[in-house]
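Undergrad: need the 3D shape of this:
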Amino acid sequence: MYQASNVYVICGFAAIGGGLFGFDISSMSGVIGTMAYKRYFGNPVSSVQGAITASMPFGSFFGALISSFIADRYSRRTAIQFSCTLWIIGSILQCASNGIPMLVVGRAISGICIGIASAIVPVYQSEIAPKEIRGRIVTLQQWAITWGILIQYFIQYGASFVGGGPNDPNQPETAFRIPWGLQMIPALILFFGLFFLPRSPRWLASKDQWDEAIQVLADLHAGGDIDHPKVLAEYQEIEEALRFEREEATSSMRALAAPRMAKRVLLGMSIQTWSQLGGVNVLMYYVIYVMEAADIGSPMLTASIQYVINVLLTLPAIIYIDRWGRRPSLLLGSLSMMIFFFITGAIQAVYGQHVIIEESNITWVVRGNKAASGAIVACSYLIVATFATTWGPASWCYPAEIFPSKVRAKAVSLATASNWFWNCILSFAVPPMLYHINWRMYMLFGTFNGLALIHIYIAAPETKGKLLEEMDEVFDGGRRAWESQPKGSRLDDLARGIAEGTMLPPARAYKGIRVEKEIKRDSVGGGRSSSTVSLQPYHAHCEAEP
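TA: A predicted model of the protein is given here:
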């Protein structure tokens, strides 16, 4: 069967899993303002609407927790395909829902899919991508999320005009059934397309499928040449890392609890936690409420602009994250969002007033002041723009690359579970918060961003340009997080040495034979070295295969 070998094609296609995440985020934002939804589901009060919205991240929390067991046993690719199946089932239940209970069950099942995909897609991408563009590749996940949000929102926006429009008291149910039904299409495409993508070479190596592992590396990085110096060097790094992990003879769960690894696990979980407590999903899930509180006349159209901004402003991160790094992105993002949330809260406090609006979850509105309303909308756009360029991409990239192969899937699943835990809490809590504490909610999120700024500064070292197998040196090398890391990578030196003939390539297994390179030098002193490939039985100095 044909298998793709272009890294951008492979990881870009896998990022459709992120698109499902985006469909999840905006799956309610467009329909909650329609009369069809309010009439059919009994105009849910703030706490009930919060529970409906939270049902999907609730499922995602458990999906993230189980994701590593599926991915480690059956492969990253198979885990993503399993998640697609769950998404299709959940979408069918949502589309056919006859009341709130069935809707909640459908959203929870879809949530399990999102938990698995959001944990494993970045792992798959990071294990496929070369170190030079790993940040860019994993950032495709975030870009796909933004596209999913945008596409789903505009599907809902278009469907809201079914019948007499969103304010028609007799609007038909198709206004919300169409968006919930169409969202299964990307999952179908992803499920079947994954058959044409390779399995992770690092997962293959962990299962001792070395022939296929080195062939995948060769296809990805050297046009199929298994004797390319870069392929041999990366193969050796993977082999040595796995040998070291096996010599430790500890289970992956016990390895997670080791002090040096627990520090990294806590950091990965914290980064995903801060990405939620930073508050941007308030503007994604409940942007209609935010616009209503700013007294915007056409909240659905005004809200759509932020989704376009989200897509466009993720592009700079894709292009430059491997140049400017993960750490500066996180620090700058926290600082900027802190400022914008504080400004939004201050404007709401000064110019807003308490109101009672029938059939509304909003009790605090800025009225009669277009400048103040415009400033609130502008700040919401700036928060989304900042997140799209900084925390959005970096919060997925960083946890996916800081763990060794043995614990990577489990550690990333824990980090992703923390994301979904807080996503669930906020999905449920934001409507009551908007109802009861109003503008103080924005101050709370501004404070969280300030705390994230301090934490990232003292705990998160830079990881750009490093091989996945070099992260132990980054975190355990004795340098503080704010101190510069040595430039370059061990992989570059090893590949250069193999190419120049000054280093022996790794002995590798190939169909029961050891393939080695014999280093030959010209008899003339100082002559250039050359190498030839020879197929030989095991040498006495080579370690026998397990």
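Undergrad: tell me how far A54 lies from Y289.
TA: When Cβ to Cβ, to the nearest Å is applied, the distance between A54 and Y289 equals 15 Å. Where you see a C-beta, it was placed from the backbone N, CA and C, and this is true even at glycine.
Undergrad: how far off centre is stretch 77-91?
TA: Using Cα atoms, centre = their mean, to the nearest Å, the mean C-alpha position of stretch 77-91 is found 17 Å from that of the whole chain.
Undergrad: what is the neighbour count of M1?
TA: Applying the criterion other Cβ atoms under 10 Å, we find 4 residues in the vicinity of M1.
Undergrad: measure it to T78 for me?
TA: Going from M1 to T78 by Cβ to Cβ gives 15 Å.
Undergrad: same question, V7
TA: Between V7 and T78 the distance, using Cβ to Cβ, works out to 20 Å.
Undergrad: which one of those two is surrounded by more residues?
TA: Set V7 next to T78 and count neighbours by other Cβ under 10 Å: V7 wins out with 19 against 16.
Undergrad: and that one, what does it touch?
TA: By Cβ atoms under 8 Å, 6 or more residues apart in numbering, the residues touching V7 are 128-130, 133, 137, 220.
Undergrad: equivalent analysis for G33, please.
TA: G33 neighbours (Cβ under 8 Å, 6+ apart): 160, 166, 288, 299-300.
Undergrad: got it, and I456?
TA: Listed by Cβ under 8 Å, 6+ apart, the contact partners of I456 are 271, 274, 327, 330-331, 334.
Undergrad: repeat that with 10 Å
TA: When the contact criterion is Cβ atoms under 10 Å, 6 or more residues apart in numbering, the partners of I456 are 267, 270-271, 274, 326-331, 333-334, 391, 394, 398, 481-482.
Undergrad: make sure E237 is actually in contact with K466.
TA: No - taking Cβ atoms under 10 Å as the definition, E237 is not a contact partner of K466, at 11.2 Å.
Undergrad: of all the contacts of G33, which comes closest to I321?
TA: Minimum distance to I321 across the contacts of G33 is 31.3 Å, recorded for I288 (Cβ to Cβ).
Undergrad: could you point out which element follows the helix or strand where D24 lies?
TA: Counting by DSSP states H and E, the secondary-structure element that holds D24 is helix 16-25. Once the chain leaves helix 16-25, the next helix or strand it forms, by DSSP H and E, is helix 35-40.
Undergrad: for that following helix, buried residues please.
TA: 35-38, 40 (16 or more other Cβ atoms under 10 Å).
Undergrad: quick one, the lengthiest helix in the chain and helix 16-25 angle?
TA: Of all the elements of type helix in the chain, the one with the most residues (DSSP state H) is helix 405-436. Between helix 405-436 and helix 16-25, the angle formed by their directions is 20 degrees, by axes from the mean of the first three to the mean of the last three Cα atoms, to 10 degrees.
Undergrad: now helix 405-436: average pLDDT?
TA: Throughout helix 405-436, pLDDT has a mean value of 89.
Undergrad: need the helices for the stretch 201-350 of the chain, in chain order.
TA: All helices of the stretch 201-350 of the chain, identified by DSSP state H, counting those that start in this stretch, fall at 201-206, 210-221, 229-248, 252-257, 259-277, 280-285, 287-293, 299-312, 315-324, 326-351.
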